[in-house]
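Undergrad: Give me a model of this one.
(4 chains)
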2 protein chains.
Amino acid sequence: MKTTIYDVARAAGVSITTVSRVINNTGRISGKTRQKVMNVMKEMAYTPNVHAAALTGKRTNMIALVAPDISNPFYGELAKSIEERADELGFQMMICSTDYDPKKETKYFSVLKQKKVDGIIFATGIENHGSMSALEEIASEQIPLAMISQDKPLLPMDIVVMDDVRGGYEAAKHLLSLGHTNIACIVGDGSTTGEKNRIKGFRQAMEEAGVPVDESLIIPTRFSLESGKEEAGKLLDRNAPTAIFAFNDVLACAAIQAARIRGIKVPDDLSIIGFDNTILAEMAAPPLTTVAQPIKDMGRSVIELLAEAIEGKRKTKQKIVLPPELVVRLSTAPLKT
Amino acid sequence: MKTTIYDVARAAGVSITTVSRVINNTGRISGKTRQKVMNVMKEMAYTPNVHAAALTGKRTNMIALVAPDISNPFYGELAKSIEERADELGFQMMICSTDYDPKKETKYFSVLKQKKVDGIIFATGIENHGSMSALEEIASEQIPLAMISQDKPLLPMDIVVMDDVRGGYEAAKHLLSLGHTNIACIVGDGSTTGEKNRIKGFRQAMEEAGVPVDESLIIPTRFSLESGKEEAGKLLDRNAPTAIFAFNDVLACAAIQAARIRGIKVPDDLSIIGFDNTILAEMAAPPLTTVAQPIKDMGRSVIELLAEAIEGKRKTKQKIVLPPELVVRLSTAPLKT
DNA sequence: CTGTTAGCGCTTTCAC
DNA sequence: GTGAAAGCGCTAACAG
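TA: Predicted structure coming up:
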C-alpha cells in the first residue's frame, strides 16, 4: 500500500515533523536521526505525496507551456528546450496545446488555475478576450507568467523574444551580398509583431543598399505549405525574382517545391532563404540557408526567468532579446551574371 | 483571494457538503439549491482545488506521456494526437522527455509516482533496469499503463502498434509494381522490433515477386540525417540501385540529399520511399512517397484504452494493431526502361 | 534538536 | 434533501 509520512515516522521511531524536516531539509536535525530517517525512507520506497504538500502551500513544481501546436517543429523544439532546462531546475511540464482554438485556451486557463501550477509560459499570443478574465484570476493569485517568441503580454510578465528586425535585416543583407536585388518576400498575414519586424529589417537593409523594394513582390500567405506553394507558384509564373526570402522554413520549403515543379533550379536560378532553422532546414533538398532563431537559448531563458520569479528572487519583470544567427547552407548562391 | 468551498457554501447559505455534491453531481439535491449554488460558484469564479480533491482519493485527471524526444516530428505528432483526444476526455498531459537518458527515465518515474498521475503512456521502450523497480512501484499502485508504437511491455499494459510487417510489405510491393527490382534498404541499427518487422515484410514481398534480396543492399545507419546521408552516399557511389526503401522519413530525406549532390534525379533516376509520413514527407522536394503510420489513430487509441482502464471499465489488457497506409507522392516513379 | 497540534480544501460516511 | 464531522498526507507554528 501507499506508505505515508506516518509509516516512515513510526518505522524510524520519530515524529512526522522530523521526517518532514529531513524531506525538506529544513530546521535542525542531528545527523544521526537524519541518516536513520533517510534509510527508512529508502527501504520503504517512500515518496511524499505532492498533493498533500501543495495543499499546505508548497510549490507543485509543475509549470505549463501554452503553445498552439506542438507537432509544428518550431514549437516542438521550443518545448524540448524548455523541458530540458525545466527538468534540471526541478520542474515538470504540462503541455497545453491550444490548436489556435480560443475555447481550448479558455478551458486550459481554468484548468491551470485549479491545478495550481507554479508558473505558465505562453508561446502563443493571448488572442481571445474570453480567456482574459480567466487569466486575470490566475495572475491575481500571483502565479508567475512568461511569454516566449511573442511580445504582446496584455499582463505583466517576463518576455523572451528574438530580434526580428535584425533577422529580417540579415536575411536581406545575405541576399544582397550575393548580388541579388530582385528579391521577393513570402510572408504570412502580416498580423504578428514578429512579421512586421522582419519586414522592417528587410526594408532597412534594402534601403541601406540603395535598392528599392518592389511592393508587388511582398506576397502574403496563410503561413501553410499549401498556401505557400500556391503563392510562390503564382509569383514565379508572373515575375522572375532571383531570390526569395521566406518568413519561415515551411514557406521556404513551399518555395523550393514550387520552383522544382517549374524546373527552376535552386540555388542556381533562384536563391531561397528561410527563417527559424527548424529541422526542416536541414532536411530540405537543397538544405536551407536560413535565419536561425536561437530556440535552445530562448527556451532556457524563459524557464530560467520563470524559475526566478517563482522563487521570488525578483519582482520586476524582465525582457530578453536574443540575436538571430544566419546559417548558410546550400539554397542560396551568388547571382549568375 | 482564493475562494474555497467554504466561501461558496457561506454565500449560498448551504453546507460545504451540498456544494461538493453539486460540483461532483453526486447524491440528491433539489434543483433549486443546485441552481443557487451554481450561480454563486459562477459569480465567485470558484474553481475547486484539484490537490485537495486528489488527497481524498479523487482522480487527478493528469496523464503522463513518456517519450524520448518531442522535437522529433514523429513524437511531436504523436503527442499532439494524444493531447487532443485526452483533452476531449478531460485529461491533461504532462510531457516526460527522456532524451534516451536512463537517468531521466528513472527520475521521471519517481516523479510520476509522487504526482499520482492517473495513467502513463510510454512512447519509448523501458530500456533501463534501474527504472524497473520505480516502475513496479507505480504499477503496484494500480496506475494504468499503456504503450504506443513499441511492443516490449515488461509489465502488463495496453498496447497500440502499427503493423510493421505489412508496412515493409507495402513499401516493397509499391516499388516492385513500378518495375524496380534493384532495391536498397536504408535501415537503423536493427534493434527494434519495428525495424525487424519491416524487413520481414520487405523480404516477404520480394520473395512473392520472385526477386532475390541482395543482402549488401541492406544498409545500417545510426538513424540520423548525417549517418543516413553518408551511408546513402556510399551506397550510391558503389552500386546503382534504382530504388531505395528508407526506414523513416529522415533517412529518406538523407537519401534525397545524397542523390542530389551526385546529380542523380529523384524520381527519374532513383525512386525513394520513406516511412512514417511525418511533416518531412510533405516538405521534401520532391514530396515523399511514404508508408504512413496512422499517428492520429494510434494516439487516439492509446488514450482511449488508457481512459477505459482508468475508469475501471475493463480489467484485461488489450493490444491494438493498426494498419499502415501507403501515401504516394512524387519521389517514386516507374523504372525507366 | 524533536514532538504536538492545527490546519490546507475537499470527499464521504453517517445522521437527521 | 441536507449537514456535521472525520479524515486524506503533509507543513509549520509553537512548545519543550
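Undergrad: Which single residue in the stretch 151-300 of chain A comes nearest to DNA strand C?
TA: Nearest to DNA strand C, among the residues of the stretch 151-300 of chain A, is residue A:155, at 23.1 Å (CB to the nearest atom of the strand). All C-beta atoms are positioned from the backbone trio N, CA, C, and that covers glycine.
Undergrad: Can you pull up the most central residue in chain A?
TA: Central residue of chain A (CA atoms, centre = their mean): residue A:78, 4.1 Å from the mean position.
Undergrad: How much space separates residue A:308 from chain B?
TA: 22 Å (CB to the nearest CB, to the nearest Å).
Undergrad: I figured that residue hits residue A:315, correct?
TA: No - using CB atoms under 8 Å, residue A:308 makes no contact with residue A:315, being 10.1 Å away.
Undergrad: These two: which has the busier surroundings?
TA: Under the neighbour definition other CB atoms under 10 Å in any protein chain shown, residue A:308 and residue A:315 were set side by side, and residue A:308 has more, 15 against 6.
Undergrad: looking at this, residue A:64 is in a helix?
TA: No - with DSSP: H, G, I helix; E, B strand; the rest coil as the criterion, residue A:64 is located in strand rather than a helix.
Undergrad: give me every residue that touches it.
TA: The contact partners of residue A:64, by CB atoms under 8 Å, 6 or more residues apart in numbering or on different chains, come to A:93, A:94, A:95, A:96, A:108, A:112, A:115, A:117, A:119, A:120, A:121.
Undergrad: Report the contact partners of residue A:187.
TA: A:195, A:198, A:199, A:218, A:219, A:220, A:221, A:247.
Undergrad: if I look at it, how far off is DNA strand D?
TA: Distance, residue A:187 to DNA strand D, by CB to the nearest atom of the strand, to the nearest Å: 51 Å.
Undergrad: Name the nearest residue to that residue, sequence neighbours excluded.
TA: Spatially, and ignoring its direct neighbours in sequence, residue A:187 is nearest to residue A:247 (4.9 Å; CB to CB, 6 or more residues apart in numbering or on different chains).
Undergrad: Kindly state the pLDDT recorded for residue A:128?
TA: At residue A:128, the pLDDT value in this model is 68.
Undergrad: ok, the contacts of residue A:64 vs DNA strand C, which is closest?
TA: residue A:115 (12.1 Å).
Undergrad: I'd guessed the closest one sits against residue A:62; true?
TA: Yes - with contact defined as CB under 8 Å, residue A:115 reaches residue A:62; the gap is 6.7 Å.
Undergrad: ok so, going back, buried sites along the helix or strand encompassing the residue nearest to the centre of chain A?
TA: Using DSSP states H and E, the element containing residue A:78 is helix A:73-88. By neighbour count on 16 or more other CB atoms under 10 Å in any protein chain shown, the buried set for helix A:73-88 is A:73-87.
Undergrad: cool, and stretch A:129-137?
TA: So for stretch A:129-137, counting by 16+ other CB under 10 Å, buried means A:131, A:134, A:135, A:137.
Undergrad: Please report how far the third one lies from DNA strand D.
TA: It refers to residue A:135. Taking CB to the nearest atom of the strand as the measure, residue A:135 and DNA strand D are separated by 27 Å.
Undergrad: does the strand or helix carrying residue A:137 come close to DNA strand C?
TA: Following DSSP H and E, one finds residue A:137 within helix A:129-140. No - taking CB under 7 Å from any atom of the strand as the criterion, helix A:129-140 and DNA strand C are apart, separated by no less than 13.8 Å.
Undergrad: And for that helix, what's in contact with it?
TA: Helix A:129-140 has contacts (CB under 8 Å, 6+ apart) with A:102, A:105-106, A:109-110, A:112-113, A:120, A:126, A:145, A:154-156, B:45.
Undergrad: Could you rerun that using 10 Å?
TA: Residues outside helix A:129-140 that contact it (CB atoms under 10 Å, 6 or more residues apart in numbering or on different chains) are A:64, A:66, A:98, A:102-113, A:116-117, A:120, A:122, A:126, A:128, A:143, A:145, A:154-157, B:1-3, B:45, B:47.
Undergrad: so does the following helix or strand past that helix get close to chain B?
TA: Using DSSP H and E, the helix or strand that follows helix A:129-140 in sequence is strand A:145-148. No - on the criterion CB under 10 Å from any CB of the partner chain, strand A:145-148 is out of touch with chain B, staying 15.1 Å away.
Undergrad: packing partners for strand A:145-148?
TA: strand A:62-67, helix A:73-88, strand A:119-122, helix A:129-140, strand A:158-162, helix A:295-310 (3 or more CB pairs under 10 Å, 6 or more residues apart in numbering or on different chains; DSSP states H and E).
Undergrad: Apply 8 Å and report the result again.
TA: On a contact count with 3 or more CB pairs under 8 Å, 6 or more residues apart in numbering or on different chains; DSSP states H and E, strand A:145-148 meets strand A:119-122, strand A:158-162, helix A:295-310.
Undergrad: Who does residue A:146 form a beta bridge with?
TA: Note on residue A:146: beta-bridge partners by DSSP bridges are residue A:121, residue A:158.
Undergrad: For the stretch 1-150 of chain A, which residues are neighbours of DNA strand D?
TA: Counting by CB under 7 Å from any atom of the strand, the stretch 1-150 of chain A sits next to DNA strand D at A:2, A:4-6, A:16-17, A:20, A:23-24, A:26, A:48-49, A:52-53, A:55-58.
Undergrad: Only the buried members of those residues: can you turn that into a ChimeraX selection?
TA: The ChimeraX selection below is limited to those of those classed as buried (16+ other CB under 10 Å):
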select /A:4,5,20,23,48,49,53
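Undergrad: Okay, and which of the residues of the stretch 1-150 of chain A next to DNA strand D map to helices?
TA: The members of these that map onto helices under DSSP state H are A:5, A:6, A:16, A:17, A:20, A:23, A:24, A:52, A:53, A:55.
Undergrad: still on that earlier bit, quick check: neighbours shared by residue A:115 and residue A:62?
TA: Contacts common to residue A:115 and residue A:62, judged by CB under 8 Å, 6+ apart, are residue A:94.
Undergrad: Which positions in chain A make contact with DNA strand C?
TA: Selection of chain A residues close to DNA strand C by CB under 7 Å from any atom of the strand yields A:13-18, A:21, A:27-30, A:32-34, A:52, A:55-57.
Undergrad: Tell me what angle the helix or strand of chain A with the lowest mean pLDDT forms with strand A:62-67.
TA: Sorting the helices and strands of chain A by mean pLDDT, DSSP states H and E puts helix A:129-140 at the bottom, at a mean of 80. If you take axes from the mean of the first three to the mean of the last three CA atoms, to 10 degrees, helix A:129-140 sits at 160 degrees to strand A:62-67.
Undergrad: Only the C-alpha atoms, please, for helix A:129-140, written as CSV.
TA: The C-alpha coordinates for helix A:129-140 follow below in CSV (Å, rounded to 0.1, in the frame of the first residue of the first chain):
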residue,chain,number,x,y,z
HIS,A,129,-10.9,38.0,-24.9
GLY,A,130,-12.9,35.4,-23.2
SER,A,131,-9.6,34.0,-21.9
MET,A,132,-8.6,37.2,-20.3
SER,A,133,-10.8,37.1,-17.2
ALA,A,134,-9.7,33.5,-16.6
LEU,A,135,-6.1,34.6,-17.0
GLU,A,136,-6.6,37.6,-14.7
GLU,A,137,-7.7,35.4,-12.0
ILE,A,138,-4.6,33.4,-12.4
ALA,A,139,-2.5,36.5,-12.3
SER,A,140,-4.3,37.7,-9.3
